[in-house]
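Novice: Pasted the sequence and its predicted model underneath.
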Amino acid sequence: MENHFEQYAHEGNLFLKKVAEQLGTPDDRQHAFRVVQAVFQALRDRITVEESMHLISELPMVLKAIYVNGWNISKERRDSPTMDDFLQEITANSPTPGRDFGSNPKDGAAAVFRVIKDYVSPGEYEHVKGQLTPEIAELLEA
């Protein structure tokens, strides 16, 4: 059992390290954790529960926990028509938005999506994009 835990921790740390590198803070995994959590919270409110389950099935175990932490699956799905709405929600999800996202939360969100793209199948990534407005889906290609 301990070997599984160590493997899960390693995979999660590797994911966070990649996000930290994308954010330009390669030695700050706590920063990456906060950014990932904020982006996951905004994303899961915009895609169906079923699509969320497909997405997290392809992520490392620790990321599954981050994704579902505090999630109320019976909450009505949000429909943010604009990028600004989505980015405002991401920053609102962060305990330290100025520190985590600075003046451009788009860069932080795009960093998370670039790393997610390395972990999930192309088909799954397209399914997630398909549930977002075209404007927000642009982030997944940044």
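Specialist: Arrived safely. Here the structure is a predicted model, which means the values were calculated and not measured.
Novice: right, and residue 128 touches residue 46 too?
Specialist: No. Under the criterion of CB atoms under 8 Å, residue 128 is not in contact with residue 46, lying 9.3 Å apart. C-beta: built from backbone N, CA, C; applies to glycine.
Novice: Excluding chain neighbours, give the residue nearest to residue 70 in space.
Specialist: Once flanking residues are discounted, residue 70 sits nearest to residue 41: 7.4 Å by CB to CB, 6 or more residues apart in numbering.
Novice: now residue 125
Specialist: Spatial nearest neighbour of residue 125, excluding adjacent residues (CB to CB, 6+ apart): residue 117 at 5.7 Å.
Novice: likewise residue 142?
Specialist: Spatial nearest neighbour of residue 142, chain neighbours left out: residue 110 (3.6 Å); criterion: CB to CB, 6+ apart.
Novice: Please identify the buried residues of stretch 40-51?
Specialist: Residues 40-47, 51 are the ones in stretch 40-51 that count as buried (16 or more other CB atoms under 10 Å).
Novice: can you check stretch 127-139 too?
Specialist: Of the residues in stretch 127-139, those buried under the neighbour-count criterion (16+ other CB under 10 Å) are 127-129, 131-132, 136-137, 139.
Novice: circling back: tell me what the strand or helix carrying the residue nearest to residue 70 is packed against?
Specialist: Mapping residue 41 onto the secondary structure by DSSP states H and E places it in helix 29-44. Packed against helix 29-44 by the contact rule (3 or more CB pairs under 8 Å, 6 or more residues apart in numbering; DSSP states H and E) you find helix 2-23, helix 61-68, helix 83-93, helix 97-101, helix 105-119.
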